[in-house]
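Engineer: Would you be able to build a 3D model of this:
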Amino acid sequence: MDATFSKDVYGMLPEGIQGIELLAHLALDLRWSWNHATDQLWEDLDAELWEQTHNPWVVLQTVSRARLKERMEDLVFLKKVKKFFSTQEKIELSDAWFQINYPDSKLKTVAFFSMEYMLSEALPVYAGGLGNVSGDQLKSASDLGIPVVGIGLLYQQGYFRQQIDRYGSQQALFPFNDPGQLPITPLRLPDGEWLRFQVYLSGHPVWVRVWQVHVGRIRLYLMDSNDPANLPAHRGITSETYGGDAELRIRQEILLGIGGFKLLQVLKIHPEVCHLNEGHSAFLVLERASQFMKDNGVPFETALTATRAGNIFTTHTAVDAGFDHFSPALMEQYFCDYAVKEISIDFKELMALGRKNKYNQDEYFNTAILAINGSNFVNGVSQLHGKVSRKLFSTLFPRWPMDEIPVEHITNGVHMPTWDSELADHLWTEACGKERWRGELKDNKKNIAEVSDEALWDFRNKSRKKLVTWIRKRFQTQSRISGLPFTFPDQADKIFDPNVLTLGFARRFVPYKRTNLLLRDPGRLIRILTGSQFPVQLVIAGKASPFDERGKSLVREWNQFIQQNNLFQHVVFLSDSDMQLTAELVQGVDIWINTPRRPWEACGTSGMKVLVNGGVNLSVLDGWWAEAYSPEVGWALGNGEEHSDNNTWDAIEADELYDLIEQQIAPEFYERNEKGIPEKWVNRSRNSMAKLTSHFSANRAVREYTERFYLNAASEYLKRAEQKGAGANGIIDIKNDLHSKWDSLKIGEVKVKKNEKGFFFQVPVYMDEGIRDKICVELFADGEHNKNHELIKMNAVSPAENNYSQIYQAQVFTERDANDFTVRVIPKYGNIKVPLEDNQILWER
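Structural biologist: Below is the predicted model of the structure:
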């Protein structure tokens, strides 16, 4: 089912103007947020409004009928509109990477669930990094033709807007998101009725309205509860992003997970795969199982075993406190009836799905644990974060080695066409062609590496100059609003120098990100900024949560440092960081700084955005930079070890940060050859672009999700689901039989013979009848020298003395000691994920 398009959604578009439907279609397709060909249309209609809003839908609704009629009667303008519409139509109908490479795939739909989406500043339903990843992955799925549908929430206020007052303090503002001004449409049935459905909260029905967002080939459906038929308390469920208390949060997550999956059923969309982007949508695990129960007349255990095969859980959290935890009382209020009426299990059984210790009745319910217990694919968002997550979830898999805890990793990437500047787009197009981000990126590295020093340095100078011009204009407006002395706005055109090394960062102001590490020694920082030989300028942006006093004090500290030392010519704090501000910064800065406390940065994508624009990273070896860094592409801070909340180590790294800027970065930037080009700097920039940009793109990340997870999940789900879950029932029967006989398993005496190839191992394993084909016997050795463990499968040979034992043997080619190897037995049946679905394990004593 698709939305019925009406050009007068709110009665705001005039009728009787030729081509207005085509123009409205272009305005409502967020492809313009990364393909800027149509920018000229909106600028032509109202240049000032376009610059202020970057929202074609607002431009289209605001300009007068006379202006629209005049432009649409201009044959040149109308020809452009028709050309752009035709081009987009051809793109949507043409085969892309997925259709070309997987024409016979069983994967028809991936339902992608996320609490927030950063698609454009014109649609402010995002708070930060999670929304960034969600939005960029939808856009790349569109580019690649992957059959994804997005599910999210439409917030009345979105995340807060930031204003810095004259004292340098953050003030939070909550402007209302008028849906009529957003590039979205109500999802209407063929007869024109607005699609609404009900979700029950504590036994009370709540009406949910549905909106549609066009993201190229992809459709994103946003739900909101601000329906006049709802109680006031329920209308406010979608009031703001990450606001309120635990009760508001659980309501939002029920709406996202349970409501989101109900919406798919209403739309007659039956996804093989559901991708839970963080634990906020974990309740869909229950609703998907519930729907399977109703469709097939099976119990919850069968439904969960079948549906989990098609569920993927991506965690973005690096500390346990970052997950949502709901009290037993709150869960009982919202899920006691649901457990009995919808999935026919006892409430205690439901609670066990979200607890580390299912027998602890006082333990809070953890949505991340529910997601793990309801998914067959679990991943972190960087190599280091995968390791951190395995430790976080290790208690769910007792006796299993840490590197076998079933959390993989797929490192995030950013959607390069969204974040590249017009200058960068031109440079990359010249080197790599227009289709460079729609395929497998094979030639990008080689082609961009061939760009000349002259072209690359000219590109970087123009980028920096553009940024400085933008900063001056932005600061002029900001200083007037902030109430700074009347002379400040007039001085705005004097701040910053387009020829000076420019450092930048923009991120959330929370203690673990150490946004004030540069302020450890204010005097030294001032000397660096104002030095005559190697001057440096710094642009900063970022928000603290309105409820985080420590974070707000970090914002205030930076602003007061600038004011008290009158450093506006060298450093500025730009207020109200959003998608547009971030784009301007990453497109123009020379160095992007990131100083989190390792390993608390799950991935961190801000530094990836400078890659396509020729910027270079200076970062702690955390998140993505821990796997991206090499000396020829940027600079690393710290020693790659964890130091917890260590004030002494903060001081050490602050000194190292100053040293890097003073002794390496600034001198390299200002060291010029006879042509005035800093050869070493340009070479480092080129290396960063060539070696990192393609790999840390959302294109690569989404293709990796598809080939490693989506295709396999779809295939396994369909196998388990066919014949009313017969495959799932088979797995359950084997699992129950194996568990009932597991205690009969005994590992006998291991015999080892040394030979010229290594060692020959032989061992009897005693077991109950009928489980030989349900287990796997292995030799295990811990990893050495930071390498993973070794596993050697032992092969069964003729039975031993009786029917209850089996001889297993293996030849091990190794230089290690025989005592390094231990025999173990694990489950192996029905293509299950071990230990995710069955965590039994028996070790040699």
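Engineer: Mind checking what helix or strand follows the longest strand seen in the chain in sequence?
Structural biologist: Scanning the chain for the longest strand, with DSSP state E as the assignment, gives strand 204-215. Using DSSP states H and E, the next helix or strand after strand 204-215 towards the C-terminus is strand 218-224.
Engineer: What's the first helix or strand after that next one?
Structural biologist: For strand 218-224, the succeeding helix or strand toward the C-terminus, using DSSP H and E, is helix 232-235.
Engineer: Check whether Arg520 really touches Asp650, as I assumed.
Structural biologist: Yes: assessed by CB atoms under 8 Å, Arg520 is found in contact with Asp650 at 6.9 Å. Where C-beta positions appear, they are placed from N, C-alpha and C, glycine not excepted.
Engineer: quick one, phi/psi of the residue sitting nearest the centre point of the chain?
Structural biologist: Central residue of the chain (CA atoms, centre = their mean): Val133, 3.0 Å from the mean position. Note on Val133: its backbone torsions stand at phi -60, psi -40 [degrees, to the nearest 10].
Engineer: How is Gly16 assigned, secondary-structure-wise?
Structural biologist: coil (DSSP: H, G, I helix; E, B strand; the rest coil).
Engineer: Can you get me a residue count around it?
Structural biologist: Other residues near Gly16 come to 7 when the count uses other CB atoms under 10 Å.
Engineer: what number of residues lie near Lys341?
Structural biologist: When neighbours are counted by other CB under 10 Å, Lys341 registers 11.
Engineer: cool, and His316?
Structural biologist: Residues near His316, counting by other CB under 10 Å, number 19.
Engineer: measure it to Ile369 for me?
Structural biologist: 16 Å (CB to CB, to the nearest Å).
Engineer: What is the subsequent helix or strand relative to the strand or helix carrying Gly135?
Structural biologist: Assigned by DSSP H and E, Gly135 falls within helix 129-144. Counting by DSSP H and E, the next helix or strand C-terminal to helix 129-144 is strand 148-153.
Engineer: Residues contacting that next one, please?
Structural biologist: Outside of strand 148-153, the residues within contact range by CB atoms under 8 Å, 6 or more residues apart in numbering are 109-117, 125, 134, 138, 141, 213, 215, 218-224, 238, 252, 255-256, 260, 263-264, 269, 271, 281.
Engineer: on that earlier part again, for the helix holding Gly135, could you pull out the residues that count as buried?
Structural biologist: For helix 129-144, burial by neighbour count (16 or more other CB atoms under 10 Å) applies to 129-144.
Engineer: what's the answer for stretch 571-587, then?
Structural biologist: Quick answer for stretch 571-587 (16+ other CB under 10 Å): 571-579, 581-587.
Engineer: That stretch - what's its average pLDDT?
Structural biologist: Averaging pLDDT along stretch 571-587 gives 95.
Engineer: And stretch 441-452, by the same measure?
Structural biologist: Here the average pLDDT along stretch 441-452 is 92.
Engineer: That stretch: how far from the chain's middle?
Structural biologist: 27 Å (CA atoms, centre = their mean, to the nearest Å).
Engineer: Please apply the same query to stretch 478-492.
Structural biologist: Distance of stretch 478-492 from its chain centroid, counting by CA atoms, centre = their mean, is 37 Å.
Engineer: The helix holding Gly135 relative to strand 204-215, how many degrees between them?
Structural biologist: 50 degrees (axes from the mean of the first three to the mean of the last three CA atoms, to 10 degrees).
Engineer: any idea of the mean pLDDT in helix 129-144?
Structural biologist: So the average pLDDT for helix 129-144 ends up being 97.
Engineer: what's the angle between that helix and strand 218-224?
Structural biologist: Going by the same axes, to 10 degrees, helix 129-144 makes 150 degrees with strand 218-224.
Engineer: For helix 129-144, list the C-alpha coordinates in PDB.
Structural biologist: Taking C-alpha atoms only, helix 129-144 is exported to PDB below (Å, rounded to 0.1, in the frame of the first residue of the first chain):
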ATOM      1  CA  GLY A 129      24.700   9.900  16.300                       C
ATOM      2  CA  LEU A 130      22.000   7.200  16.200                       C
ATOM      3  CA  GLY A 131      19.800   9.400  13.900                       C
ATOM      4  CA  ASN A 132      22.900  10.100  11.800                       C
ATOM      5  CA  VAL A 133      23.500   6.400  11.200                       C
ATOM      6  CA  SER A 134      19.900   5.600  10.600                       C
ATOM      7  CA  GLY A 135      19.400   8.400   8.100                       C
ATOM      8  CA  ASP A 136      22.600   7.700   6.200                       C
ATOM      9  CA  GLN A 137      21.800   4.000   6.000                       C
ATOM     10  CA  LEU A 138      18.400   4.700   4.500                       C
ATOM     11  CA  LYS A 139      20.000   6.900   1.900                       C
ATOM     12  CA  SER A 140      22.600   4.300   1.000                       C
ATOM     13  CA  ALA A 141      19.900   1.600   0.800                       C
ATOM     14  CA  SER A 142      18.100   3.900  -1.700                       C
ATOM     15  CA  ASP A 143      21.300   4.300  -3.700                       C
ATOM     16  CA  LEU A 144      22.000   0.600  -3.700                       C
END
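Engineer: in the stretch 551-700 of the chain, which spans are strands?
Structural biologist: Using DSSP state E, counting those that start in this stretch, the strands of the stretch 551-700 of the chain run over residues 571-574, 591-594, 616-620, 634-637.
Engineer: before we move on, the earlier item: how about the nearest residue to the residue nearest to the centre of the chain, chain neighbours excluded?
Structural biologist: Residue nearest to Val133 in three dimensions, not counting chain neighbours: Asn412, with 5.4 Å by CB to CB, 6 or more residues apart in numbering.
Engineer: Next: Lys108.
Structural biologist: Pro147 (5.9 Å).
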